[in-house]
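**Q** Whatever this is, show me its structure:
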Amino acid sequence: MKTILTSLLVLALFGCQDKLESNTPAFQGLKDANYLWKSTASTAVVDATGVLTITGVGGLGTLTLIVPSTTLGPFVLGADATALAMYAEEDLLFSTLNNGNGSNIYVSDGTITIEEYDTVSGTITASFYFNAYNADGDRGLNFSEGIIYKLPVTTVVP
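**A** Down below sits the predicted model:
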């Protein structure tokens, strides 16, 4: 009887967890704090100059993250940054290169953090969040809790 109770307790505590490992590879994030955007098709490409471009298509749009290298650590996003986040949905393109306008100044910001670049298995793991605006600056978009988990990387050889 103790064994059954212990088993039920373990299942109750750990059985309902949403494990990212069961969704390997993964590219997802919380869009505008209420929609879990998940990529259904993703690519990660390192070009001949070392620039990493991660693109995912899912839900209603396409998310693209660009960082200048595969070096571990954070890459800052914003209008003057070397890293870039873009989200295209229908006829709208949101970018961290654009700032918002209005009574207050709204600036694009965020971070892409490369946590692991496994050259042996050829995968990348990272996290991200950002605020971006359309070209006119009158519409904004937020991504939070972004995860890239063990996404296969293709390297373009010159």
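
**Q** alpha carbons only for contacts and neighbour counts from here, please
**A** Noted.

**Q** Identify the bridge partners of residue 31.
**A** Residues in a beta bridge with residue 31, per DSSP bridges, are residue 35, residue 143.

**Q** can I assume it is in contact with residue 144?
**A** Yes: in this structure, residue 31 is within contact of residue 144 by Cα atoms under 8 Å, at 6.6 Å.

**Q** contacts for stretch 76-94?
**A** For stretch 76-94, contacts defined as Cα atoms under 8 Å, 6 or more residues apart in numbering pick out 60-68, 75, 95-99, 107-112, 130, 132-135, 140-141.

**Q** Strands along the chain, start to end?
**A** Under the criterion DSSP state E, strands of the chain are mapped to 26-31, 35-38, 41-46, 52-58, 61-67, 73-77, 84-89, 92-95, 109-118, 123-133, 140-152, 154-155.

**Q** Could you dump those into CSV and include mean neighbour count?
**A** Output for these, formatted as CSV (neighbours: other Cα atoms under 10 Å):
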stretch, mean neighbour count
strand 26-31, 22
strand 35-38, 18
strand 41-46, 18
strand 52-58, 20
strand 61-67, 20
strand 73-77, 19
strand 84-89, 21
strand 92-95, 21
strand 109-118, 20
strand 123-133, 23
strand 140-152, 20
strand 154-155, 15
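
**Q** so can I have a markdown table of these showing mean pLDDT?
**A** Putting the strands of the chain into a markdown table (pLDDT from 0 to 100) gives the following:
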| stretch | mean pLDDT |
| --- | --- |
| strand 26-31 | 96 |
| strand 35-38 | 95 |
| strand 41-46 | 96 |
| strand 52-58 | 97 |
| strand 61-67 | 98 |
| strand 73-77 | 97 |
| strand 84-89 | 97 |
| strand 92-95 | 96 |
| strand 109-118 | 97 |
| strand 123-133 | 97 |
| strand 140-152 | 96 |
| strand 154-155 | 92 |
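
**Q** Pull the contacting residues for residue 68.
**A** Residues near residue 68 by Cα under 8 Å, 6+ apart: 50, 51, 52, 82, 83.

**Q** Could you give the number of residues near the fourth one?
**A** When neighbours are counted by other Cα atoms under 10 Å, residue 82 registers 13.

**Q** same deal with the second one?
**A** Summarising burial for residue 51: neighbours were counted as other Cα under 10 Å, giving 15.

**Q** Now it. Nearest residue, chain neighbours left out?
**A** Excluding the flanking residues, the one nearest residue 51 by Cα to Cα, 6 or more residues apart in numbering is residue 68, at 4.5 Å.
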